[in-house]
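Enquirer: quick one: sequence plus predicted model below, questions after.
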Amino acid sequence: MTCEHVDALPAAVTPDAVDGCQDCLAAGERDWVHLRECLTCGHVACCDSSPRKHATAHYQRTDHPIVRSYEPGESWRWCFVDSRVV
């Protein structure tokens with residue numbers, strides 16, 4: 001499945017070189033559960049199962065619609081606008 005937001009993504013994005021959620025690390029925290037990468041800008045943030053839900057906060061702040069799992073062995077993507085896997 002796909003959506004119109006996939007077509008608007010940049011051709012390639014390099015994820016920021018971090019060892020965890022950028023926002024949690026900046027706040028001195030390390031309590032994320034899983035990581036997500038923004039496919040518009042490469043920002044790496046924590047999932048909604050994490051206490052601070054930084055990936056969703058990044059979407060709300062930037063309107064960047066699609067993230068992908070940043071977990072080893074996972075390749076799915078999520079569109080915040082359409083609330084579905086794309």
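Expert: Received the coordinates, thanks.

Enquirer: for the helix or strand of the chain with the lowest mean pLDDT, packing partners?
Expert: The least trusted helix or strand in the chain, going by mean pLDDT, DSSP states H and E, turns out to be helix 4-7, with a mean of 90. In terms of contacts (3 or more C-beta pairs under 8 Å, 6 or more residues apart in numbering; DSSP states H and E), helix 4-7 is packed against strand 77-79. Every residue, glycine included, has its C-beta placed from N, CA and C.

Enquirer: partners of the strand it packs on, with directions?
Expert: Note on strand 77-79: by DSSP bridges, its sheet partners are strand 66-69 (antiparallel), strand 84-85 (antiparallel).

Enquirer: and those: which comes nearest Ala55?
Expert: Nearest to Ala55, of all these, is strand 66-69, at 5.5 Å by C-beta to C-beta.

Enquirer: which parts of the closest one are buried?
Expert: The neighbour-count check on strand 66-69 (16 or more other C-beta atoms under 10 Å) flags 66-69 as buried.

Enquirer: which among those residues gets closest to Thr56?
Expert: Closest approach between those and Thr56, by C-beta to C-beta: Val67, at 9.0 Å.

Enquirer: next one: that closest one, what pLDDT does it get?
Expert: Looking at Val67, its pLDDT reads 98.

Enquirer: before we move on, back to that, let me have the strands paired with strand 77-79 in a markdown table, extended by distance to Ala8.
Expert: Output for those, formatted as a markdown table (distance: least, C-beta to C-beta, whole Å):
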| stretch | distance to Ala8 |
| --- | --- |
| strand 66-69 | 9 |
| strand 84-85 | 16 |
